[in-house]
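Novice: Got a sequence here, can you model it:
(2 chains)
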Amino acid sequence: MAHKLRTYEPDNCLKKGYFSIFKEIISEVADNKWLIYQLFKRDFSSMYKESFFGVLWIIFIPLLSIAGFFLLGKSNIINIGELPVPFTLYAVSGLAVWQLFSVGLVAGTNSLVRAGSMVVKINFSKKSLVISAYAQALFPFLVLFLVSLILLGTNGVRLAPVVLLFPILLIPVILFTLGLGFLFALVNGILRDVGNAVSVLVTFLMLLTPLLYTVPSSGAFVVFTKYNPLFYMITVPRDALLTGSINHIFGFCISAVLALVVFVFSIAVFHLTESRIAERI
Amino acid sequence: MNDAFVVTAENISKKYCKSLRRSMFYGMADIGRNLLGLKSNSGKLRKNEFWAVDNLSFRIKRGEVFGVIGANGAGKTALLKMLNGIFWPDRGRITVNGKAGALIEVGAGFHPALSGRENIYINGAVLGMSKKEIESCFDSIVEFAELGNFLEAPIKHYSSGMYVRLGFAIAVHSKSDILLVDEILSVGDEKFRNKCQNKIEELRKAGTAIIYVSHDLMSVKRLCSRGLWLDSGKAKYVGDIKEAVDAYIFDLNRKINNELTEAHKNKRISRSGSGEIVIKEVSFKGEGKEKFVFKTGEDISVDVLCEALESVKNPLFGAIIHGSNGTYIAGVNSSLETGVSEAKGSFRAGYKFLKVPLLPGKYYLSLVVHDEEGKKIYDHHDQAYEFQIAFSGEELLPVYSGFLQLKCKWDFKRDS
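Specialist: Okay, the predicted model is just below:
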């Protein structure tokens, strides 16, 4: 009978060496695919099981934001700008990609604390908690993406071959959000302020990122948008879907590298420190 | 590592912080140091930190049930969490050879809105079972948990018994080499406890090592062969479980006795009565010395110093034993004894309850002095004196209900 020998001692990571951690991380995630699925199913079912409208809430909430912006644009309170496609299609497709960031980040950040009683009483893969929480973002994304495809069809927009790259173009936003989710979940375990701050920050970032309006041509906001990696991670895939062209290639590549760095750094930090967090949750 | 040992703990310690704010700060500092490749200096105590587990060493073999006993706050759960790898020791090293399953809290991870079926899959996955493993033992889990028609119902509608049975059933089917069980058998009823103990025995025979934490010392004695007595994080005894339990009980009784002696000295008695005779001082004795903790079946002597402030003829004395909730259990009266014909000045009244058959627990004694007819109460101390019947570890009954131990001789015959 082959037994897995485990050793628990202080500063284990220093003794094992930092380079061994990536092998451990990959093997942990691979071994826990079934657990990740079960945790996702648990969160997803419980979220909508006791609700009358159930999964329809996934559509209601972004549609309310879209309606609000549409009304503001119509009444000339804000300048939506010149759009390549009808506003509803522009907004829905933007919000679809945005869900991968906003829903994923909030869920990931709160994942460890929400499962607190489990974390302090059972030794299981904590990474699975963050990943499964992030997976919750996939559902609202898919729903809004489907709505976008329907709107594309009804507006007579023909899909260009570049649309095939759409899933690949989403990888940076997924990696970036997962990475931040790992990091914030850890810190939230110690300082609960982080969970609240992230919820506020996500709303604030949505207003600052040109999702429901085009980039203004002048002002400080132009500079902010230029250095906002989320702008590239969200708008490049959206533009590919709507216009069939890939714009801002340089900014997108830099953002993709940043997303990869954030992801690798964060998951490594998480792996090294998750047992310390368990005693403080 | 010798393959016969599934757990080896070498000088392990764990510290906790009393201040939440400082704990956050220390957590960030330790993580920061580790990330920079520096040792966290976890072996040293900082301000507000204390050792919850202090320098423990032991080894556990395959197929062994290892008991961990100690008072609340002794560090038992912290030790289990370290053995499970939930968090790591701050000093020393733990080596675990095999899969460790934990039952630190039954149903940890259950979602109340989901059905029994859904929770079996989720909890099984959290405990490290694959889909195939869960499916292969699904029926056995349902049968053990006795879910009946409730399998598809949300578990928030389960009785507490069903909830506990389900949690235990999943954990014991998780095919662990080491199972950590923390005080879960105290939750269920008698039938459930027997079922769990039989399952633990079955797992032990199959080679699973079980680390069993409980305040139920009878079950610890029955299930375990070796054990550890923890006191304020330190090992007071590691070895034969009977000796560990006996040493723990002796120490526990000594501490309770000291507490009761101290409380007795400082106690302010609320009394009622006309006051012609007053009870001045009361002391409990057993085996020739003053004490407040006795064993079932032991003689309990009560020595009462009284003072008659005026001459009183034929006073009678009474004593009543009450349960901790005030229930009247038994009473005695000196009316049939040749008592005091005339009380004047100081005198002593001695009671000796012979071979008291009270079961372990907390009891109160009421004392009263009244006239011959019982109409006039001179002095009455209602439930004023606490004493305890302590667990001796030799009791025959596994569970106590009621107050008295009845000795019974059974006689079974074939009905012709």
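Novice: who's in contact with the closest residue to A:Pro84 other than its chain neighbours?
Specialist: Sequence neighbours aside, A:Thr243 is the residue nearest to A:Pro84 in space, at 5.4 Å (criterion: Cβ to Cβ, 6 or more residues apart in numbering or on different chains). Any C-beta I mention is one placed from the backbone N, CA and C, and that applies to glycine too. By Cβ atoms under 8 Å, 6 or more residues apart in numbering or on different chains, A:Thr243 lies in contact with A:84-85, A:160.
Novice: Over to B:Ala9?
Specialist: Contacts of B:Ala9 (Cβ under 8 Å, 6+ apart): B:56-59, B:83, B:92-94.
Novice: which SS state does it fall under?
Specialist: strand (DSSP: H, G, I helix; E, B strand; the rest coil).
Novice: Which residue ranges make up the domains of chain B?
Specialist: B:5-252, B:267-389 (automatic domain parsing).
Novice: Tell me where chain B has helices.
Specialist: B:20-35, B:76-84, B:116-126, B:131-145, B:160-172, B:190-205, B:217-223, B:241-266 (DSSP state H).
Novice: quick one: the residue nearest to B:Glu146 when sequence neighbours are not counted from B:Arg193, how far?
Specialist: Nearest residue to B:Glu146 in three dimensions, chain neighbours excluded: B:Arg165, at 6.0 Å (Cβ to Cβ, 6+ apart). In this view, B:Arg165 and B:Arg193 are 11 Å apart by Cβ to Cβ, to the nearest Å.
Novice: near chain A, which of the contacts of B:Ala9 show up?
Specialist: Filtering the contacts of B:Ala9 for neighbours of chain A using Cβ under 8 Å from any Cβ of the partner chain leaves B:92-94.
Novice: which one of those residues sits closest to B:Lys407?
Specialist: B:Ile94 (46.9 Å; Cβ to Cβ).
Novice: neighbour-wise, which of the contacts of A:Thr243 leads?
Specialist: Neighbour counts for the contacts of A:Thr243 (other Cβ atoms under 10 Å in any protein chain shown) peak at A:Val85, which has 17 neighbours.
Novice: quick one: contacts for the residue nearest to that residue when sequence neighbours are not counted?
Specialist: Nearest residue to A:Val85, sequence neighbours excluded (Cβ to Cβ, 6+ apart): A:Leu242, at 5.2 Å. Contacts for A:Leu242 (Cβ under 8 Å, 6+ apart) come out as A:84-85, A:89-90, A:93, A:152, A:157.
Novice: what about A:Leu242, distance to chain B?
Specialist: Counting by Cβ to the nearest Cβ, to the nearest Å, the separation of A:Leu242 from chain B is 39 Å.
Novice: which element is that residue on?
Specialist: Using DSSP states H and E, the element containing A:Leu242 is helix A:229-243.
Novice: quick one: buried residues of that helix?
Specialist: By 16 or more other Cβ atoms under 10 Å in any protein chain shown, the buried positions in helix A:229-243 come out as A:229-242.
Novice: hang on, the earlier thing: separate out the buried members of the contacts of B:Ala9.
Specialist: B:56, B:58-59, B:83, B:92-94.
Novice: Could you dump these into TSV with pLDDT added?
Specialist: Output for the buried ones among the contacts of B:Ala9, formatted as TSV (pLDDT from 0 to 100):
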residue	pLDDT
B:Leu56	96
B:Phe58	96
B:Arg59	96
B:Leu83	93
B:Gly92	94
B:Arg93	94
B:Ile94	95
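Novice: out of the residues you listed, who's nearest B:Gly73?
Specialist: B:Leu56 (15.6 Å).
Novice: Give the bridge partners for that closest one, please.
Specialist: With DSSP bridges as the criterion, B:Leu56 is bridged to B:Ile12.
Novice: Hmm, B:Met82 and it touching each other?
Specialist: No - using Cβ atoms under 8 Å, B:Leu56 is not in contact with B:Met82; the gap is 9.2 Å.
Novice: Residues that sit against both of the two, list them.
Specialist: In terms of Cβ under 8 Å, 6+ apart, B:Leu56 and B:Met82 are both contacted by the residues B:Ile12.
Novice: Any stretches of the stretch 1-150 of chain B with poor pLDDT?
Specialist: B:1-3 (pLDDT under 70).
Novice: Would you mind measuring from A:Thr154 to chain B?
Specialist: 38 Å.
Novice: pLDDT score assigned to that residue?
Specialist: With respect to pLDDT, A:Thr154 scores 90.
Novice: hmm, what's the outermost residue in chain B?
Specialist: B:Ser311 (50.2 Å; Cα atoms, centre = their mean).
Novice: Please report phi then psi for B:Gly43.
Specialist: With angles defined as degrees, to the nearest 10, B:Gly43 sits at phi -80, psi -10.
Novice: give the contact list for the nearest residue to B:Glu290 once chain neighbours are set aside.
Specialist: Among residues not flanking B:Glu290 along the chain, B:Ser283 sits closest, at 5.4 Å (Cβ to Cβ, 6+ apart). If a contact means Cβ under 8 Å, 6+ apart, then B:Ser283 has B:290, B:302-303 as its contacts.
Novice: Rebuild the residues you listed as TSV, extending it with neighbour count and pLDDT.
Specialist: Output for those, formatted as TSV (neighbours: other Cβ atoms under 10 Å in any protein chain shown; pLDDT from 0 to 100):
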residue	neighbour count	pLDDT
B:Glu290	13	88
B:Val302	18	94
B:Asp303	15	93
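Novice: Grab the most central residue of chain A for me.
Specialist: Chain A, centroid-nearest residue using Cα atoms, centre = their mean: A:Phe101 at 2.8 Å.
Novice: how far away is that one from B:Leu166?
Specialist: Remark: distance between A:Phe101 and B:Leu166 (Cβ to Cβ) = 38 Å.
Novice: Kindly report the same for B:Val282.
Specialist: 51 Å.
Novice: out of these two, which sits in the busier spot?
Specialist: Using other Cβ under 10 Å, the more surrounded residue of B:Val282 and B:Leu166 is B:Leu166, with 27 against 21.
Novice: surely that one meets B:Gly107?
Specialist: Yes - B:Leu166 is in contact with B:Gly107 according to Cβ under 8 Å; the separation is 7.0 Å.
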